[in-house]
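Q: Sequence and computational prediction follow.
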There are 2 protein chains.
Amino acid sequence: MEIRAQHRVHGGTLTYAQHQSAATGTPMRLSVFTPPGEGPFPYLIWLSGLTCTEDNFTTKAGAYGAAAQHRVAIVAPDTSPRGECVADDPAYDLGQGAGFYIDATQAPWTPHFKMESYITRDLITTVEAAFPLAPKRSIFGHSMGGHGALTLAMKYPELFKSVSAFAPISSPTRCSWGEKAFTAYLDPNRDTWRAHDAALLIEVGRANSFDDILVDQGTGDQFLENQLRPELLEQAAAKAGQKLTLRRQEGYDHSYFFMASFVADHVAFHAARLA
Amino acid sequence: MEIRAQHRVHGGTLTYAQHQSAATGTPMRLSVFTPPGEGPFPYLIWLSGLTCTEDNFTTKAGAYGAAAQHRVAIVAPDTSPRGECVADDPAYDLGQGAGFYIDATQAPWTPHFKMESYITRDLITTVEAAFPLAPKRSIFGHSMGGHGALTLAMKYPELFKSVSAFAPISSPTRCSWGEKAFTAYLDPNRDTWRAHDAALLIEVGRANSFDDILVDQGTGDQFLENQLRPELLEQAAAKAGQKLTLRRQEGYDHSYFFMASFVADHVAFHAARLA
């Protein structure tokens, strides 16, 4: 774990770091906020959206005041492998910056695009060894990272105490962002895609270890109707008898200004379940 | 006033805008946060530091939650005139991005570098006409913008109810950033520089309309000893019998993580004096 920079913030410590991931075969960057005091601290993993790095949430979400207050740490990784030797695509919604938190099985993406394994194995192991973190984790994210948080929580319920999302891609098999990424990264047989679709996973009861799922969605979000489709989460939760709290926030858009407005609620939601 | 973008944040409205300034002869960009409700709202003007635009504070300071709670607006202008026809310098601490909130009198800076007139005339007039703002203002800023806030408050005490700063350039006539800028922008006769030096203005009683001045300074700030020198503010305040609250914040650096940690205190400080 190579420390790249450290800052004091809200009485705690923010560290930008980099480590080599076996899953992606590349160096991966991340930020880690630890609250004031000794620890070990329970922690939240934040997954960012398309085009983001580890820096967007870190500088713009304004989450660390609430994290210090609730005495939880926050880990924010990058959104994909990166580098000159890593496959890429000129579009913003495929390749570097668009890892979709799944393990690719198709060329040219297979060798490095293993974000599911990276988050659930290398990231967790590395940060728990290098920082004063307890093995008590929750996960949340935005947009593509909301999809990542929801699906990873349901695939690995033993790893996470709770899950929430801002404006998640609720059902990637039923929107163009998801269809494009899954077509590139996954087997052409669409049946295999169902394992990576939050709404479909909720529908078959895979969220049943979570007492509630908190989702915030801005009604002024330009991607609401065509890409995000939170009503599919609601319908799936109703079918499965799963509690899901979907808050439609009037007039908010897809930006970090939306997340900054409600991130303290999400930190409190997770802190209560990590206590 | 041309609206460039709008976002909902913390129940209020954040507007990015641009207007033509008579003082600088250029288009000037800014952001304006107005809290929930009708207004007119008292407001704070935020002045940013070297290299910043209107965007740094807006996206990174995390100030709008506190502003919404205290029902004050915040206006964040750019730090200099900009454009291909505007003089510039390759260094980060001179020219575009480094206006120093003074009116230049020397070539090639004279025609556009009129940030003192811009802030105290054009900006105030324009935002009070275009937004639901009351003519009740306070001013604060960071580093070069802390210098700007302190000096403009003392030069124009009739315009501002209160003033505060983060890591201000406390005495530009006695540090290399200030000497370089004043040498470029101002008359070679250094006696004229005294009118733009916060510590020297405090020393001669020019802050006497302010019941207190709040200054936060990180002890881990790399610019503390050579550029910022807050002890000069303390010494000047002691000489003049001026109340000044200088808080040395252990381990904090010069970044927006420092400001985000204490900005709510500054908003509360000003809101109490604008009430």
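A: Done, it's in. On a predicted model such as this, the values are computed, not experimentally measured, just so you know. Residues are numbered from 1 along each chain as shown, chains lettered A, B, ... in the order given.
Q: From one end of stretch A:82-99 to the other, what's the distance?
A: 10 Å (C-alpha to C-alpha, to the nearest Å).
Q: Kindly report the same for stretch A:234-249.
A: Stretch A:234-249 has an end-to-end distance of 15 Å (criterion: C-alpha to C-alpha).
Q: just stretch A:30-50 next, same as before
A: Terminal-residue distance, stretch A:30-50 (C-alpha to C-alpha): 16 Å.
Q: List the contacts of the closest residue to chain B within the stretch 51-200 of chain A.
A: Per C-beta to the nearest C-beta, residue A:62 is where the stretch 51-200 of chain A lies closest to chain B, at 3.4 Å. (Each C-beta comes from the backbone N, C-alpha and C, glycine too.) Taking C-beta atoms under 8 Å, 6 or more residues apart in numbering or on different chains as the criterion, residue A:62 is in contact with A:260, A:263, B:62, B:65, B:260.
Q: do that again at 10 Å, thanks
A: By C-beta atoms under 10 Å, 6 or more residues apart in numbering or on different chains, the contact list for residue A:62 reads A:10, A:256-257, A:259-261, A:263-264, B:9-10, B:59-65, B:260, B:263.
Q: How many residues are close by whichever residue of the stretch 101-250 of chain A sits closest to chain B?
A: Proximity of the stretch 101-250 of chain A to chain B (C-beta to the nearest C-beta) peaks at residue A:220, 6.7 Å away. Look at residue A:220: counted by other C-beta atoms under 10 Å in any protein chain shown, it has 16 neighbours.
Q: residues in contact with it?
A: Going by C-beta under 10 Å, 6+ apart, residue A:220 touches A:249, A:250, A:251, A:252, A:253, A:254, A:255, A:258, B:6, B:7, B:8.
Q: repeat that with 6 Å
A: Listed by C-beta atoms under 6 Å, 6 or more residues apart in numbering or on different chains, the contact set of residue A:220 reads A:251, A:252, A:253.
Q: helix/strand/coil for it?
A: coil (DSSP: H, G, I helix; E, B strand; the rest coil).
Q: Run a quick neighbour tally on residue A:196.
A: Other residues within reach of residue A:196 by the criterion other C-beta under 10 Å amount to 26.
Q: Do I have it right that it meets residue A:101?
A: No - here residue A:196 lies out of contact with residue A:101, judged by C-beta atoms under 6 Å, at a distance of 8.3 Å.
Q: Which other helices and strands does the longest helix anywhere in chain A contact?
A: Looking across chain A with DSSP state H, the single longest helix is helix A:256-274. When contacts are defined as 3 or more C-beta pairs under 6 Å, 6 or more residues apart in numbering or on different chains; DSSP states H and E, helix A:256-274 packs onto helix A:64-70, strand A:133-142, strand A:163-166, strand A:214-218, strand B:2-9.
Q: quick one: contacts of it?
A: A:42, A:44, A:60-63, A:66-67, A:70, A:72, A:136, A:138, A:140, A:161-162, A:164, A:166, A:214, A:216, A:218, A:252, B:7, B:9-10.
Q: Separate out the buried members of those residues.
A: A:42, A:44, A:60-63, A:66-67, A:70, A:72, A:138, A:140, A:161-162, A:164, A:166, A:214, A:216, A:218, A:252, B:7, B:9-10 (16 or more other C-beta atoms under 10 Å in any protein chain shown).
Q: Residue A:11 and chain B: what is the separation?
A: 7 Å (C-beta to the nearest C-beta, to the nearest Å).
Q: Contact partners for that residue?
A: Counting by C-beta under 6 Å, 6+ apart, residue A:11 has contacts A:36, A:68.
Q: list the buried ones in stretch A:146-163?
A: Buried residues in stretch A:146-163 (16+ other C-beta under 10 Å): A:146-156, A:159-163.
Q: Poorly predicted segments of chain A, please.
A: For chain A, applying pLDDT under 70 flags no range at all.
Q: in it, which spans are strands?
A: For chain A, the strands defined by DSSP state E cover A:2-9, A:12-20, A:27-34, A:41-47, A:73-77, A:133-142, A:163-166, A:214-218, A:245-249.
Q: what's the angle between the third one and strand A:41-47?
A: Just to be clear, that refers to strand A:27-34. 130 degrees (axes from the mean of the first three to the mean of the last three C-alpha atoms, to 10 degrees).
Q: other SSEs contacting strand A:27-34?
A: Strand A:27-34 sits against strand A:12-20, strand A:73-77, with contacts defined as 3+ C-beta pairs under 6 Å, 6+ apart.
Q: what comes into contact with it?
A: A:12-18, A:20-21, A:54, A:58, A:64, A:67, A:73-78, A:131.
Q: Kindly give a single ChimeraX line that selects the buried subset of those residues.
A: What follows is the ChimeraX syntax for the buried subset of those, where burial is set by 16+ other C-beta under 10 Å:
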select /A:12,13,14,15,16,17,21,54,58,64,67,73,74,75,76,77,78,131
